[in-house]
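J.: below are the sequence and a predicted model for it; my questions follow.
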Amino acid sequence: MPIAKYTGRYVEIIYMSADGRLTQRTIYVHGVRGGIVRAFCCTSRAPRTFRADSILAIQPVVRSA
């Protein structure tokens, strides 16, 4: 899944954690390197890292005026 193309944008993801839990989060993607996504997580309101191979779905967030 090419999440790097969303650098500098908000996206919704469905993510599987290491212990198998699924979560849906809105994140702001700062960058991707070595399979690790650096982002600000709007759900937890904190910087987070995510394994790119554990992101099951990505959808851009469309903001309306």
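T.: The structure has been received and is ready for your questions. Numbering: from 1, shown residues only.
J.: the longest strand anywhere in the chain pairs with which strands?
T.: Identified as the longest strand of the chain according to DSSP state E is strand 22-33. Strands that pair with strand 22-33, judged by DSSP bridges, come out as strand 10-16 (antiparallel), strand 36-41 (antiparallel).
J.: CA atoms only for that strand - export them in PDB, please.
T.: What follows is strand 22-33, C-alpha atoms only, in PDB (Å, rounded to 0.1, in the frame of the first residue of the first chain):
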ATOM      1  CA  LEU A  22      -7.800  -3.700  14.900                       C
ATOM      2  CA  THR A  23      -8.200   0.100  15.200                       C
ATOM      3  CA  GLN A  24      -9.400   2.900  13.000                       C
ATOM      4  CA  ARG A  25      -7.400   6.100  13.300                       C
ATOM      5  CA  THR A  26      -7.100   9.500  11.600                       C
ATOM      6  CA  ILE A  27      -3.500  10.400  11.200                       C
ATOM      7  CA  TYR A  28      -1.400  13.100   9.600                       C
ATOM      8  CA  VAL A  29       1.500  11.500   7.700                       C
ATOM      9  CA  HIS A  30       4.900  13.100   8.300                       C
ATOM     10  CA  GLY A  31       6.900  10.600   6.400                       C
ATOM     11  CA  VAL A  32       7.700   6.900   5.600                       C
ATOM     12  CA  ARG A  33      11.200   5.300   5.900                       C
END
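J.: show the pLDDT at the nearest residue in space to residue 23 that is not next to it in sequence.
T.: Leaving aside its chain neighbours, residue 23 sits nearest to residue 15 (5.3 Å; criterion: CB to CB, 6 or more residues apart in numbering). For glycine as for every other residue, the C-beta is placed from the backbone atoms N, C-alpha and C. Per-residue pLDDT puts residue 15 at 96.
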